[in-house]
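# Build me a structure from this.
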Amino acid sequence: MIEQAQSLVAADGGALRLLGVERGCARVAYKMGRNEQCPECVLAPEDVRGFLLEMFARGAPHITAVEMVVDAGA
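Numbering: from 1, shown residues only. Here you go, the predicted model:
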């Protein structure tokens, strides 16, 4: 499912990586991309978290929480 969500952030050079799952919580690293022409187009961590929660609810219901570890870049 991380691969599916990856397409949401890849257009702006972002990346997602699953760090692990413990007690129903997925830890996900999010390297935010950049879009000089449309900075507001880069998805906020909260938005990515929401998409992931929806995906997990459908495909991996044992995951009920997502913790984002964010690298906003320079």
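
# Could you measure from the closest residue to I63 other than its chain neighbours over to G33?
Among residues not flanking I63 along the chain, F56 sits closest, at 4.1 Å (CB to CB, 6 or more residues apart in numbering). Just so you know, the C-beta spots here come from the backbone N, C-alpha and C atoms, and that holds for glycine as well. Distance of F56 to G33, computed by CB to CB, to the nearest Å: 22 Å.

# Who has more neighbours out of these two?
F56 (21 against 16; other CB atoms under 10 Å).

# Buried residues in the helix or strand harbouring the more buried one, which are they?
Under the criterion of DSSP states H and E, F56 resides in helix 45-59. For helix 45-59, a neighbour-count test (16 or more other CB atoms under 10 Å) marks V48, R49, F51, L52, M55, F56 as buried.

# can you tell me which of those lies nearest to V28?
For these, the residue nearest V28 by CB to CB is L52; the value is 6.4 Å.
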